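Colleague: Generate coordinates for the sequence data below:
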Amino acid sequence: MRLSRAHRLFFGALFAVPVAIACSKEASIELPQSLPSNGNGMTLGVEAGSSDDADADVDANTCERANANTGVFVATTGVTSNTCGSVDAPCKTVALGITQALAAPKANVYVAAGTYIEHVELQAGITLVGGWDAGANEFTHACGSPESVTILRATPADNVTVGAHDLGGKAGLAMLRIESKAQDDVGAGESIYGLMATGNTMLTLDTVTIAIANGGAGTDGTNGNDGAAAIDVGCTSGTGMDGAKGTQGAGASAGTFSETGYSASAGGSGGNGGAGKNGTLSAGVCVTCGTCDADCKLVEDIDATCGEDGKSGCGGAAGNGGAGGMSGGSSIGVYAWDASVQIAHSSVQAGNGGNGGAGGAGGAGGAGIAGTTGLDAASCTTSCSEDVPCDETASTAAGGTGGMGGAGGAGGGGGGGAGGSSIATYQGGTGLVTATDTTFTHGSAGHGGGANGTVGADGVAADHIP
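Modeller: The predicted structure is shown next:
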């Protein structure tokens, strides 16, 4: 491969001091261009064959050698002592290399080929430069395209691979590949970022590849508990009507962005159902009893004789509402909040946004129980016939009836979680991302969860927001 003049000059301007003894020619670099608001995977920057590229190429077989006077060395085979950083005793981690560079002080951290699984926090005045082959006494790489051999990958516990927070100055990245943690390590509803820059921070990226996994899918809400069935009779009488169904939970609204990144609330919980109403009640029938006298007249008893009252069936308990679904996480390549990020000769690829979880189903209402009928009273004389001989008529006082208790109302379904977004670059607050000769790619937006309650909002898919 061969390196264009504009590319080399941007790369050279990135560093406070030289990092090589080759690949230098006089040229002028075009200023980075602002990102378009409606880009869809388009490449920005210098057009092919523009300017004076024809005479600006350098043989890729010419080797650059890292300058020990201006930088600290890092290799996967290095050591973790507080004296690491020389070419013959490189540091084992990028984080330790940055610490040593700050202490030296030196402007560059030369990172040899290999995969570094760690979270990296940039510091003002330090540039990370990857793509080096670690030799016995020197770090070298060709002037071609070694940007894919040095990989910074987030640990399973980190959702940001490279961070730069309120540096109060400038930092840089060059000839590196930045990856998120593996997809299997992305948690439910987790948002992930290749690079997050916030506050008073200025970053420059040259020949950097950012590729991150999908945002985590939200989990479904738990189902509401079923209401208990009624087991007793003799409750205070009611209408015997079934309880009302609980209201549906609201779907989660679209997530929001702030200095800490993307966040989205879960869907709303469904409302609890209403308890079933107790059954109706009828009292026992009363009759007037007595005895027939000598004239065949009824001599009434002092008290009426009544059948036993019925007992109302109790209503069933209400079902509980289902819980709202968790919102899906977003996948964001570069996130800049109040920070300035300048990108050149690079590619940024976001994964898909995570789907929102479905809301949980509402619990079923408990069944009501049937009421009971009261006992009849003993038969007694209720009238006397005036015929001769006197004839007595007996009647029975019937017991009252108890009505069926109503069933409890079912709980409402939980609202769905919002879908996560897929965004190659996001700038918020006073943040600004500019780029030249860089390709941006986004994935698909996550869908809002539904199923039981109201559906959650879908995420957004875009190369650049805004």
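
Colleague: Quick one: residues contacting the spatially closest residue to Gly316 that is not a sequence neighbour.
Modeller: Excluding the flanking residues, the one nearest Gly316 by CB to CB, 6 or more residues apart in numbering is Gly366, at 3.3 Å. (Each C-beta comes from the backbone N, C-alpha and C, glycine too.) Gly366 makes contacts with Asp226, Gly227, Ala228, Ala229, Ala230, Gly276, Gly316, Ala317, Ala318, Gly319, Ala407, Gly408, as judged by CB atoms under 8 Å, 6 or more residues apart in numbering.

Colleague: List only buried entries from those residues.
Modeller: Asp226, Gly227, Ala229, Ala230, Gly276, Gly316, Ala317, Ala318, Gly319, Ala407, Gly408 (16 or more other CB atoms under 10 Å).

Colleague: What is the nearest of the residues you listed to Gly125?
Modeller: Set against Gly125, the nearest of the buried ones among the contacts of Gly366 by CB to CB is Gly319 (62.1 Å).

Colleague: Enumerate every residue touching the closest one.
Modeller: Gly319 neighbours (CB under 8 Å, 6+ apart): 224-227, 246, 272-273, 362-366, 408-411.

Colleague: Regarding the spatially closest residue to it that is not a sequence neighbour, what are the backbone dihedral angles?
Modeller: Computed as CB to CB, 6+ apart, the closest residue to Gly319 that is not its neighbour in sequence is Gly363, at 3.4 Å. Dihedral pair for Gly363: phi -70, psi 150, per degrees, to the nearest 10.

Colleague: Go ahead and confirm Gly363 touches Gly412.
Modeller: No - counting by CB atoms under 8 Å, Gly363 stays clear of Gly412, with 9.8 Å between them.

Colleague: Now list whatever residues contact both of the two.
Modeller: By CB under 8 Å, 6+ apart, the residues touching both Gly363 and Gly412 are Gly273, Gly321, Gly322.

Colleague: Check whether the second one sits in a helix, strand or coil.
Modeller: Secondary structure state of Gly321, per DSSP: H, G, I helix; E, B strand; the rest coil, is coil.

Colleague: next one: the first one
Modeller: Classification of Gly273 using three-state DSSP returns coil.

Colleague: what's it in contact with, if anything?
Modeller: Contacts of Gly273 by CB under 8 Å, 6+ apart are 227, 243-246, 318-321, 362-363, 365, 408-412.

Colleague: same deal with Asn355?
Modeller: Contacts of Asn355 by CB under 8 Å, 6+ apart are Ala217, Gly218, Gly328, Gly419, Gly420, Gly446, His447, Gly448, Gly449.

Colleague: Out of these, which comes closest to Glu259?
Modeller: For these, the nearest to Glu259 is Gly420 (18.7 Å; CB to CB).

Colleague: so where's the protein shaky on pLDDT?
Modeller: For the chain, the stretches with pLDDT under 70 are 1-63, 142-147, 388.

Colleague: give me that answer again for 80
Modeller: 1-64, 136, 141-148, 302-303, 386-389, 400, 451 (pLDDT under 80).

Colleague: any idea how far the residue most central in space within it lies from Ile302?
Modeller: By CA atoms, centre = their mean, the chain has its centre lying nearest to Gly189, at 2.6 Å. Shown here: Gly189 relative to Ile302, a distance of 77 Å by CB to CB, to the nearest Å.

Colleague: again, but for Ile126
Modeller: 107 Å.

Colleague: So for these two, which sits in the more crowded spot?
Modeller: When neighbours are counted by other CB atoms under 10 Å, Ile126 comes out ahead of the other of Ile126 and Ile302, with 25 against 5.

Colleague: Which residue ranges of the stretch 1-150 of the chain form helices?
Modeller: According to DSSP state H, counting those that start in this stretch, the stretch 1-150 of the chain carries its helices in the segments 5-14, 94-103.

Colleague: Any buried residues in the last one, and which?
Modeller: For helix 94-103, the buried set under the neighbour-count rule, 16+ other CB under 10 Å, comprises Val94, Ala95, Leu96, Gly97, Ile98, Thr99, Gln100, Ala101.

Colleague: Name whatever forms a beta bridge with Thr115.
Modeller: Ile151 (DSSP bridges).

Colleague: contacting residues around it?
Modeller: By CB under 8 Å, 6+ apart, the neighbours of Thr115 are Thr76, Ile151, Arg153.

Colleague: nearest to Asp295, of the residues you listed?
Modeller: Arg153 (113.4 Å).

Colleague: That closest one against Ile117, yeah?
Modeller: Yes - Arg153 is in contact with Ile117 according to CB under 8 Å; the separation is 5.0 Å.

Colleague: tell me the SS of Ala367?
Modeller: coil.

Colleague: nearest spatial neighbour of it, skipping sequence neighbours?
Modeller: Closest to Ala367 by CB to CB, 6+ apart is Ala229, at 4.4 Å.

Colleague: Kindly report the same for Thr239.
Modeller: Nearest non-adjacent residue to Thr239 (CB to CB, 6+ apart): Lys277, at 4.7 Å.

Colleague: May I have the phi/psi pair for the one you found?
Modeller: phi -80, psi 150.

Colleague: Ok, Gln183 next?
Modeller: According to degrees, to the nearest 10, Gln183 has phi -60, psi -40.

Colleague: That one - how many residues pack around it?
Modeller: 12.

Colleague: quick one: contacts for the nearest residue to it once chain neighbours are set aside?
Modeller: What sits nearest to Gln183 in space, not counting adjacent residues and going by CB to CB, 6+ apart, is Ala213, at 4.3 Å. Ala213 sits next to Ser180, Lys181, Ala182, Gln183, Val186, Ile192, Ser331, Gly351 when contact means CB under 8 Å, 6+ apart.
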